[in-house]
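J.: need coordinates for the following:
(2 chains)
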Amino acid sequence: MARFIVRRLLIAIPVLLLVSLMSFAVIWLVPGDPASVFLDAGATPEQLAQVRHRLGLDEPFYLQMIAWYGRILHGDLGQSILLNRGVAAAIVERLPVTLSLTGLALVFASVMGVVAGLLAAMRHASWTDQSIMVLALVGLSVPEFWFGLMMIFAFAVRLHWFPAGDFVPLTQSFVGWWRSMAMPAFTLAAVQMGFIARMTRSAMLEVLGQDFIRTADSKGLPWSVVVTRHGLPNALVPILTVIGIVTGGLLGGAVVIEQVFSLPGVGRLVIGAVLSRDFPVIQGTLLFVAVIYLLINLVVDVLYAVVDPRVRLE
Amino acid sequence: MHNRSFVLGVSLVLFVALVAIFADVLAPYDPLRSNFRTRFVAPNAEHWFGTDHFGRDLLSRVIYGGRVSLTIGFFVVLVTGIAGTAIGAIAGYFRRLDNPLMRLMDALMAFPAILLAIVISAVLGASIVNVVIALSIATSPHTARIVRGSVLVVREMEYVEAGRALGASELRLLFGHVLINALAPLIVRLTYVFAIAILAEAVLSYIGVGPPPPTPTFGNIIAGERDFMETAPWTMIFPGLAIVISVLGLNLLGDGLRDVLDPRMKL
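T.: Predicted coordinates:
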């Protein structure tokens, strides 16, 4: 098991190097002089040179890269231009919001998606199955930001069941946290739930057609026990795969949902930086999010090996 | 059941495409003309979808917005189709390039696609062309991975070996024998890419890094009216439903094509 994890970590290294290169290279995409973005048209060449120096753009690109790698290895993601503080500090400060949002959404999406998929598979080709699949497909077709706006309109503006915006940290009050998080997390989960439900259903249908299920059924076990004890464990690998993919989707979706619900998370930080061209923040957050995503993939791969011992031996 | 949903998908896609193509004929008003005497008219016989805060007819804006959004989607499919196929085919067929190319794709896929698209579109400068570029960069890696996967299977087939034994050139083998037989998953994927592109364009416009107003797109109609949600909810509801119908149609079509073309991928 340890060898499996080490090998998996080694494979991740080149990807990690590329990811950090790409995060940095975003600034090279700016048409013309990136420094001019921060100044108005009347800026003097001295002012331009000063900004360029501050961004390190007056160095040759390989020196820029070496400086960047040197800094990120020390956990220093640079200084924000507009927030007047370190990028890493800004991310850490906003992380609890994003973690709450994606964590809660992941719980919603996994539990509801797996239950819906199980129900659909157990009642295959029935009315329940068809309505769950239609619902899942419609869920996949709804833009999450629009669904969020509709939720705000229905449950905050009209019914006043939930407040719109105003994040309450979990450490402050559980009820307040729940009230501020339930709606955004559900919105974020709604789309991804469809993926999980569809994958759970098809994986379960495949397993339920196997001989050992027929054996378990014919020896007189209740159907619910057959499904949960013999069926579900054998369908776990594809379900885990899709939950891993969904977690990536949740990270991306959180960027948008935080914007819709005015939640002060990492997503809002990066959107604010994108709109104001605060490049150190953009570069730092891109790198941070990508590393988190790679870590999630790593965890999912290790979970495969836990669930299915054959993976370890491969 | 599958047949029925496939037919529904085809019908929805055809409907949306025809409305976009014949926007000039179908739209009852000029989508850009504002009229302050008709601000926030609720849906009625004259304005089926109501009007927005400039007094512009919402139905006309949704129809023209659909044209822009679908055009963006179409070009994203085109660029992704070409780039994804090229990268996937090269990686799958010329094995020495496999590792470097696919690690590059892995790295691109480590960024959430929507975040990548937002950043690229914003940095390049908001315009229709840059939205297409940004979305294509975000959707190509996964497409390349799919093409590579099927090329890897097909290149080991006996008919490819037979072609090689008959002296066919590597390029001829790649295009004439391998790629043609690796097409099915690509077509399915590109249908989903179309759906993803429409959803993503709406998000980009909503964030403010999509095609700039006054050009209507599905996304920036919603973005432009979001402050008036309370007084004029119809300005949110109808463009959103237009997105849902377009994307649902494409998803149904994709599911149907997958069942027909590639039974192994059945969900």
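J.: show me what the helix or strand where residue B:142 lies is packed against.
T.: Using DSSP states H and E, residue B:142 sits in helix B:128-154. The contact analysis (3 or more Cβ pairs under 8 Å, 6 or more residues apart in numbering or on different chains; DSSP states H and E) places helix B:128-154 against helix B:58-93, helix B:98-109, helix B:113-124, helix B:183-207. For glycine as for every other residue, the C-beta is placed from the backbone atoms N, C-alpha and C.
J.: so the last one versus helix B:58-93, what angle?
T.: To tie it back to what came earlier, the one meant is helix B:183-207. In terms of direction (axes from the mean of the first three to the mean of the last three Cα atoms, to 10 degrees), helix B:183-207 departs from helix B:58-93 by 130 degrees.
J.: helix B:183-207 vs helix B:113-124, what angle?
T.: Following the same axes, to 10 degrees, one obtains 60 degrees for the angle between helix B:183-207 and helix B:113-124.
J.: counting by contacts, list what the helix or strand following helix B:183-207 packs against.
T.: Downstream of helix B:183-207, the first helix or strand assigned by DSSP H and E is helix B:218-225. Using 3+ Cβ pairs under 8 Å, 6+ apart as the contact test, the elements touching helix B:218-225 are helix A:144-151, helix B:58-93, helix B:183-207, helix B:234-261.
J.: average pLDDT for helix B:218-225?
T.: Averaged over helix B:218-225, pLDDT sits at 85.
J.: what sits up against it?
T.: Outside of helix B:218-225, the residues within contact range by Cβ atoms under 8 Å, 6 or more residues apart in numbering or on different chains are A:145-146, A:149, B:52-53, B:58, B:61-62, B:65-66, B:69, B:198, B:201-208, B:210-213, B:232, B:235-236, B:239-240, B:242-243, B:246.
J.: apply 6 Å and report the result again.
T.: Outside of helix B:218-225, the residues within contact range by Cβ atoms under 6 Å, 6 or more residues apart in numbering or on different chains are B:52, B:61, B:65, B:69, B:201-202, B:205-206, B:210, B:213, B:235-236, B:239, B:242-243.
J.: buried by neighbour count, from these: which ones?
T.: B:52, B:61, B:65, B:69, B:201-202, B:205-206, B:210, B:235-236, B:239, B:242-243 (16 or more other Cβ atoms under 10 Å in any protein chain shown).
J.: which ones among the residues you listed also lie next to chain A?
T.: The subset of those within reach of chain A, counting by Cβ under 6 Å from any Cβ of the partner chain, consists of B:202, B:206, B:236, B:243.
J.: now flag whichever of these is closest to residue A:185.
T.: Nearest to residue A:185 among those: residue B:206, at 19.4 Å, using Cβ to Cβ.
J.: near residue 76, how many other residues are there?
T.: The chain I'm using is chain A. For residue A:76, the count of nearby residues is 14 (other Cβ atoms under 10 Å in any protein chain shown).
J.: wrong chain, I was asking about chain B
T.: Residues lying near residue B:76 (other Cβ under 10 Å) number 29.
J.: quick one: low-confidence parts of the stretch 1-150 of chain B?
T.: In the predicted model, the stretch 1-150 of chain B carries pLDDT under 70 at residues B:1-2.
J.: show me what from it comes close to chain A.
T.: B:103, B:106-107, B:110-112, B:114-115, B:119, B:122-123.
J.: in CSV, list those residues along with distance to residue A:261 and neighbour count.
T.: Output for the residues of the stretch 1-150 of chain B next to chain A, formatted as CSV (distance: Cβ to Cβ, whole Å; neighbours: other Cβ atoms under 10 Å in any protein chain shown):
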residue, distance to residue A:261, neighbour count
B:103, 36, 15
B:106, 32, 20
B:107, 31, 22
B:110, 26, 27
B:111, 23, 26
B:112, 18, 25
B:114, 16, 24
B:115, 17, 26
B:119, 21, 25
B:122, 21, 25
B:123, 25, 22
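J.: in the stretch 101-250 of chain B, what residue is nearest chain A?
T.: Residue of the stretch 101-250 of chain B nearest chain A, by Cβ to the nearest Cβ: residue B:112 (2.9 Å).
J.: need phi/psi at the residue nearest to that residue when sequence neighbours are not counted.
T.: Sequence neighbours aside, residue A:252 is the residue nearest to residue B:112 in space, at 2.9 Å (criterion: Cβ to Cβ, 6 or more residues apart in numbering or on different chains). Here is the backbone geometry of residue A:252 (degrees, to the nearest 10): phi -70, psi -40.
J.: burial count for residue A:252?
T.: Using other Cβ under 10 Å, residue A:252 has 24 neighbouring residues.
J.: go on, residue A:3?
T.: Residue A:3 has 8 neighbours, counted by other Cβ under 10 Å.
J.: what's the spacing between it and residue B:139?
T.: The gap separating residue A:3 from residue B:139 is 36 Å, by Cβ to Cβ, to the nearest Å.
J.: how near is the residue lying closest to residue B:234 once chain neighbours are set aside to residue A:104?
T.: Closest residue to residue B:234 apart from its sequence neighbours, by Cβ to Cβ, 6+ apart: residue B:50 at 4.3 Å. As judged by Cβ to Cβ, residue B:50 and residue A:104 stand 36 Å apart.
J.: for residue A:179, same thing?
T.: Distance from residue A:179 to residue A:104, by Cβ to Cβ: 12 Å.
J.: between these two, which is the more surrounded one?
T.: Using other Cβ under 10 Å as the criterion, residue A:179 and residue A:104 rank with residue A:104 on top: 21 against 15.
J.: element containing the closest residue to that one other than its chain neighbours, please.
T.: Using Cβ to Cβ, 6+ apart and skipping the chain neighbours, the partner closest in space to residue A:104 is residue A:185 (3.8 Å). Assigned by DSSP H and E, residue A:185 belongs to helix A:174-208.
J.: who are the packing partners of that helix?
T.: Counting contacts by 3 or more Cβ pairs under 6 Å, 6 or more residues apart in numbering or on different chains; DSSP states H and E, helix A:174-208 is packed against helix A:87-122, helix A:127-141, helix A:144-151, helix A:236-260.
J.: ok and the last one relative to helix B:98-109, angle-wise?
T.: Right, helix A:236-260. Orientation of helix A:236-260 against helix B:98-109 (the same axes, to 10 degrees) gives an angle of 40 degrees.
J.: what residues does helix A:236-260 touch?
T.: A:98, A:101-102, A:105-106, A:110, A:144-145, A:148, A:184, A:187-188, A:192, A:195-196, A:199-200, A:203, A:265, A:267-268, A:271, A:293, A:296, A:300, A:303, A:307-308, B:112, B:114-115, B:203.
J.: pLDDT of that helix, averaged?
T.: Averaged across helix A:236-260, the pLDDT comes to 87.
J.: what angle do helix B:113-124 and the helix or strand following it make with each other?
T.: With elements assigned by DSSP H and E, the helix or strand that comes after helix A:236-260 is helix A:266-276. With the same axes, to 10 degrees applied, the angle from helix A:266-276 to helix B:113-124 works out at 20 degrees.
J.: what residues does helix A:266-276 touch?
T.: With contact meaning Cβ under 6 Å, 6+ apart, helix A:266-276 is reached by A:82, A:90-91, A:94, A:98, A:254-255, A:258-259, A:281-282, A:285, B:119, B:122.
J.: keeping just the C-alphas, turn it into PDB.
T.: Output in PDB follows, covering the C-alpha atoms of helix A:266-276 (Å, rounded to 0.1, in the frame of the first residue of the first chain):
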ATOM      1  CA  VAL A 266     -11.700  31.800  -2.600                       C
ATOM      2  CA  GLY A 267     -13.900  31.900  -5.700                       C
ATOM      3  CA  ARG A 268     -14.900  35.500  -5.100                       C
ATOM      4  CA  LEU A 269     -11.300  36.300  -4.400                       C
ATOM      5  CA  VAL A 270     -10.200  35.000  -7.800                       C
ATOM      6  CA  ILE A 271     -13.100  36.600  -9.700                       C
ATOM      7  CA  GLY A 272     -12.400  39.900  -8.100                       C
ATOM      8  CA  ALA A 273      -8.700  39.500  -9.100                       C
ATOM      9  CA  VAL A 274      -9.700  38.500 -12.600                       C
ATOM     10  CA  LEU A 275     -11.900  41.600 -13.000                       C
ATOM     11  CA  SER A 276      -9.300  43.900 -11.600                       C
END
